[in-house]
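A.B. asks: A predicted structure for the sequence below; I have some questions about it.
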Amino acid sequence: MSLYAIGDLHLHFQAELKNRAQLKDRAWKNHEKKFKKNCEKLLSDSDTLVLVGDHSWGRNLSECEEDFAYIMNLPGRKILLRGNHDMFWDAKKTAALNEKFKGKLAFLQGNYYSWNDYALVGTKGFTFEGPFYLNGRGQIMGWDIKNAEHAEKIVNRELVRLRQSFEAARADGYQKFIMFLHYPPTNILEDSSGFTKMAEEYGAEYVIYAHSHGQSRFHDSIIGEKNGIQYRLVSGDYLMWEPLLIKT
Ligand SMILES: [Fe+2]
Ligand SMILES: [Fe+2]
C-alpha cells in the first residue's frame, strides 16, 4: 500500500522525439527500460504510482496509445497528473479521460484521489521561467515583464484548479493532503508562491513536483522541509528512473 511518485517520462514509442537534448543526454538512454525494471523491482499491485506530468511526446490520444500501454503494464495503481507537454489532455476534458480509461488509469487535475486516509490533490501549476537577463557574473539583472504578466494569469488559473481539488477532498471529509504539481512550486526568483501558500493553508504534508530536468534545473525550487511541508522533486532523470517512495 505504498505511495510512489516520478515525473517526466517523455515517452515516444510512436511520436517523433522533439527534444533533441533528450537524445544526447546519457541519463535518457533506454530510460523506459530502466524505469520499467525499477518499477517491477519496487512496486506491487497494491501500491500507488503518481506520474507527475509530461508523459508522452504524442500530440493526440492516438499518438500516445503505445505510451499508455507501457504505463498500464507497470505494476500498481497509476495516477497521472497533467504536464505542459501532454497535448493529448484537454484541461477541460479530464472527466472524459477518466471515463475512457476507467479501471486502468486515473487522471488528476482539479479532482482528487484517496490513498489511505490522505487525499492526493493536484494540478499542473505554473512558474515564470524567464527569459531572465544576466550580468557578466551570471546574476539576474531583470526579466521579460510581458512574459511575467502572462505567467501570472496562468498561475491564477492553476490556483483556482488547485483549490477545487483541495475543496473537493475536504467536502468528502479528508483532512490530510499530499499535493502534486507538474511545475515547481516556486521559480528561481521566489521564496514562496500562491502554491506554497495554499499548501500551508490546507496543511499539505508533501508537495511533489517535476518538470525541472537536466542537471542545471534540479535546484530551481524548494527541495526538503520548509514551513512544515516536505518538498520533493521527482523528475525522472533526477531520480535516475527510480520512483521515489513518498509514504508507506
Ligand atoms: Fe518535462
Ligand atoms: Fe514539463
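C.D. replies: Perfect, thanks for sending it. Ligands and ions are numbered 1, 2, ... in the order given.
A.B. asks: and this structure, which residues reach ligand 2?
C.D. replies: Counting by CB under 5 Å from the ion, the residues of the chain close to ligand 2 are 54, 83-84, 211. For every residue, glycine as well, the C-beta is placed using N, CA and C.
A.B. asks: what about the longest helix in the protein?
C.D. replies: helix 145-171 (DSSP state H).
A.B. asks: which of the residues of the chain next to ligand 2 lies closest to residue 157?
C.D. replies: residue 84 (13.5 Å; CB to CB).
A.B. asks: Confirm the closest one sits in a helix?
C.D. replies: No - according to DSSP: H, G, I helix; E, B strand; the rest coil, residue 84 belongs to no helix; its state is coil.
A.B. asks: For it, grab phi and psi.
C.D. replies: Backbone torsions for residue 84, taken as degrees, to the nearest 10, come to phi -70, psi -20.
A.B. asks: cool, and the one 10 residues further on?
C.D. replies: With angles defined as degrees, to the nearest 10, residue 94 shows backbone torsions of phi -60, psi -40.
A.B. asks: ok, the residue lying closest to it once chain neighbours are set aside - contacts?
C.D. replies: Once flanking residues are discounted, residue 94 sits nearest to residue 109: 4.4 Å by CB to CB, 6 or more residues apart in numbering. Going by CB atoms under 8 Å, 6 or more residues apart in numbering, residue 109 touches 81-82, 89, 91, 94, 122-124, 161.
A.B. asks: Most neighbours out of these, which is it?
C.D. replies: When neighbours are counted by other CB atoms under 10 Å, residue 122 leads the contacts of residue 109 with 31 neighbours.
A.B. asks: who does that one bridge with?
C.D. replies: Residue 122 has these beta-bridge partners by DSSP bridges: residue 180.
A.B. asks: Is the helix or strand of the chain with the lowest mean pLDDT positioned near ligand 1?
C.D. replies: In the chain, the helix or strand scored least confidently by mean pLDDT, DSSP states H and E is helix 20-24, which has a mean of 73. No - using CB under 5 Å from the ion, helix 20-24 stays clear of ligand 1, with a minimum separation of 9.1 Å.
A.B. asks: Run a quick neighbour tally on the nearest residue to residue 212 once chain neighbours are set aside.
C.D. replies: Of all residues not flanking residue 212 in the chain, residue 220 sits nearest, at 4.8 Å (CB to CB, 6+ apart). Residues near residue 220, counting by other CB under 10 Å, number 18.
A.B. asks: just residue 75 next, same as before
C.D. replies: Quick note: residue 75 (other CB under 10 Å) scores 16 neighbours.
A.B. asks: which phi and psi does the closest residue to it other than its chain neighbours have?
C.D. replies: Once flanking residues are discounted, residue 75 sits nearest to residue 43: 4.3 Å by CB to CB, 6+ apart. Here is the backbone geometry of residue 43 (degrees, to the nearest 10): phi -100, psi 150.
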